[in-house]
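J.: sequence unknown, structure follows:
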Ligand SMILES: Cc1cc2nc3c(=O)[nH]c(=O)nc-3n(C[C@H](O)[C@H](O)[C@H](O)COP(=O)(O)OP(=O)(O)OC[C@H]3O[C@@H](n4cnc5c(N)ncnc54)[C@H](O)[C@@H]3O)c2cc1C
C-alpha cells in the first residue's frame, strides 16, 4: 500500500494546493498532519491571537479533510522527531509539504530532510505559497532583486502554474494511525489568554476566507486603486491573515482578480507582488531577519526609552493617527497599511526607537504577522532595508498623514473615542484646542487624551541628523 504524509504548515487549505493534489493522485493512503512546534509557539515571536487564529484554521481544515474522507492528524513536538515517528507508524515512505522562506522554517526543514533521509523516507517539498517560484527572479546582472519595480516587471513575465481544484476525495488514513487532538484554545498550549485581541478582524479558516474573497471580488476590488489608502473605509481586502496562514492561494487570487479586470484589480495584484518581493528578499538575504539590509545603517544609533515605547504600544502618544493605528492593532490584530506606515515612521523617526521593537510588537499582535512581510516592511519604513529611497522621503508628518488619509476623521473617531467631539479642523492637532474648545469637544488634553509625547518638528531634525551621520560614515 503506497502511503504518504502531507505535512501542513502555513498552507491550511484544500483548494489550489499542489502538494495535496499530488498526494491525492499518487498515494493510496494519506496522513495529513500538523505538528505543533514549541519553537514557534513560544519562540522569538509568540502571539496568543495568531495562535488562536491558527487553531481556528486547523479546525476548519480538519472539517474540509473529513468531508473528503480524511482527517487532520495532530502531533506536538519537534517536527524532525514527530514526522519520522509518524512515518514509521503509518508505513509512509514519502513526506510532502509546501516550502517556506523564513530562516527558522528553512533550518527546520533542513533538519527534517536529514532525519527523514536517515530513516529512508523521501522528502518532497514543492511550491504553493506564492504566485511564482520566488527563488528564481534575477536581475540582468544575475543577482537577486533588492528593488521592487524591476522585480515587479520581471514577476509579471514569469511562468505560472495552473490553478488546481480541491480534490473531491482523499485517500483514507491508515487505520493504525493515532489521530492526536487539536487543542480547543491557546490556554491548552500554555499561552496566556490575556494576550488575546478582543475583536479579531476576520474569522479563521478556508471556508470563511473563500467567502471573504467572493465579497471582495464582487464589490471592493474595483475601487481599490482609489480607496486603498483611505483608512476610515474598508477599502482593502483584509485577506492578509488568510494569506499568512495559506487559507488562500495567492496564485488563485491573482487569477481570479485578473479575471475581473480593471484598474482596481491591477493595483491589487501589484500588492500581492509586494508579498512575493519580501519573500524573495528574505529567502535571498536571511540575515535581514536580524539586521539591516543596508550595511551603512547597521550601527545607526537608537534610543532606549521604555516609557516612550509603552506610550506607542498603548496608543497614547498624543498623535491621533498613530494612536488610532496602535489601538486598532490591539483590538483587532490588524492595522490598515497606511497606519502601519505612520506608526512605523513615528517609532523610528520621531521616537528614535529601534525598528526591531516595532517588528516584535507587531508580531505579538498581528494575525497576519510573519517574518518576511513584517521584517521587510519594517526595514522599508525605517529606511534601512531593500527598495531604498533617501531616508527623508519616509519621514511622515503624523498630522498631515491624518489629514490626507483620514480626511473625514472616521478612523480616528472610531479608534480614539476621546476625540469624537473634536472638529475636523483640530482632529489631528488636538493640542491646539483652546480651553473653551476642549470643553466644547468634551475632552481634556493632558487628561482624557495625552499631550504629544514629543515634538514632531524637532524630532524630525534629530532623525535627519542621525541618518545623515550614518550615511556619511
Ligand atoms: C511596518 C509594517 C509591517 C507590516 N507587517 C506585515 C505582516 O507582518 N504581514 C503582512 O501580511 N503584511 C504586513 N504589512 C503589509 C501590509 O500592511 C498588509 O499586508 C496589509 O495591510 C494587509 O491588509 P489587506 O489584506 O487588506 O491588504 P490589501 O491592500 O488588500 O492587499 C492584498 C494583499 O497584498 C499583500 N500586501 C499588501 N501590501 C503589502 C506590503 N506592503 N507588503 C507585503 N505584502 C503586502 C498582503 O498579502 C495583502 O493581504 C506590513 C506593513 C508595514 C508598513
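T.: That came through, no problem. Owing to the predicted nature of the structure, the values given are computational and were not obtained by experimental measurement.
J.: for residue 200, give me phi and psi.
T.: When read as degrees, to the nearest 10, the backbone of residue 200 gives phi -50, psi 140.
J.: residues near it, how many?
T.: 18 (other C-beta atoms under 10 Å). Just so you know, the C-beta spots here come from the backbone N, C-alpha and C atoms, and that holds for glycine as well.
J.: and the contacts of stretch 363-376?
T.: 10, 45-47, 49-50, 53, 101-104, 195, 197, 200-202, 240-241, 243-244, 275, 277-279, 281-283, 288-289, 329-330, 333-335, 359, 362, 385-386 (C-beta atoms under 8 Å, 6 or more residues apart in numbering).
J.: rounded mean pLDDT for it, please.
T.: If you average the pLDDT over stretch 363-376, you get 97.
J.: circling back to that earlier point, can you say which of the contacts of stretch 363-376 are buried?
T.: Buried members of the contacts of stretch 363-376, scored by 16 or more other C-beta atoms under 10 Å, are 10, 45-47, 49-50, 53, 101-104, 195, 197, 200-202, 240-241, 243-244, 275, 277-279, 281-283, 288, 329-330, 333-335, 359, 362, 385-386.
J.: intersect those with the contacts of the ligand.
T.: Restricting the buried ones among the contacts of stretch 363-376 to those within reach of the ligand (C-beta under 6 Å from any ligand atom) leaves 240, 243-244, 275, 278, 362.
J.: turn those into JSON lines, columns for secondary structure.
T.: Formatted as JSON lines, those follow (DSSP: H, G, I helix; E, B strand; the rest coil):
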{"residue": "240", "secondary structure": "helix"}
{"residue": "243", "secondary structure": "helix"}
{"residue": "244", "secondary structure": "helix"}
{"residue": "275", "secondary structure": "helix"}
{"residue": "278", "secondary structure": "helix"}
{"residue": "362", "secondary structure": "helix"}
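J.: which ones among the contacts of stretch 363-376 are found in helices?
T.: Here DSSP state H is the test, and the contacts of stretch 363-376 give 49-50, 53, 103-104, 240-241, 243-244, 275, 277-279, 281-283, 329-330, 359, 362 as lying in helices.
J.: how's this protein carved up into domains?
T.: 3-129, 130-160+206-284, 295-472 (automatic domain parsing).
J.: the residue nearest to residue 172 when sequence neighbours are not counted: what secondary structure?
T.: Nearest non-adjacent residue to residue 172, counting by C-beta to C-beta, 6 or more residues apart in numbering: residue 69, 5.8 Å away. Secondary structure, three-state DSSP: residue 69 is coil.
J.: sorry, back to before: redo the domains of the chain as CSV? Include distance to residue 173.
T.: Below are the domains of the chain laid out as CSV (distance: least, C-beta to C-beta, whole Å):
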stretch, distance to residue 173
domain 3-129, 6
domain 130-160+206-284, 20
domain 295-472, 30
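J.: quick one, which of those is nearest to residue 177?
T.: domain 3-129 (5.1 Å; C-beta to C-beta).
J.: mind checking the end-to-end distance for that closest one?
T.: End-to-end distance for domain 3-129, by C-alpha to C-alpha, to the nearest Å: 24 Å.
J.: same question for stretch 392-405.
T.: OK, stretch 392-405 end separation, C-alpha to C-alpha: 20 Å.
J.: touching the ligand at all, it?
T.: No. Stretch 392-405 lies out of reach of the ligand by C-beta under 6 Å from any ligand atom, never closer than 10.1 Å.
J.: from residue 265, how far off is the residue of the stretch 51-200 of the chain at minimum distance from the ligand?
T.: Nearest residue of the stretch 51-200 of the chain to the ligand: residue 148, at 9.5 Å (C-beta to the nearest ligand atom). In this view, residue 148 and residue 265 are 19 Å apart by C-beta to C-beta, to the nearest Å.
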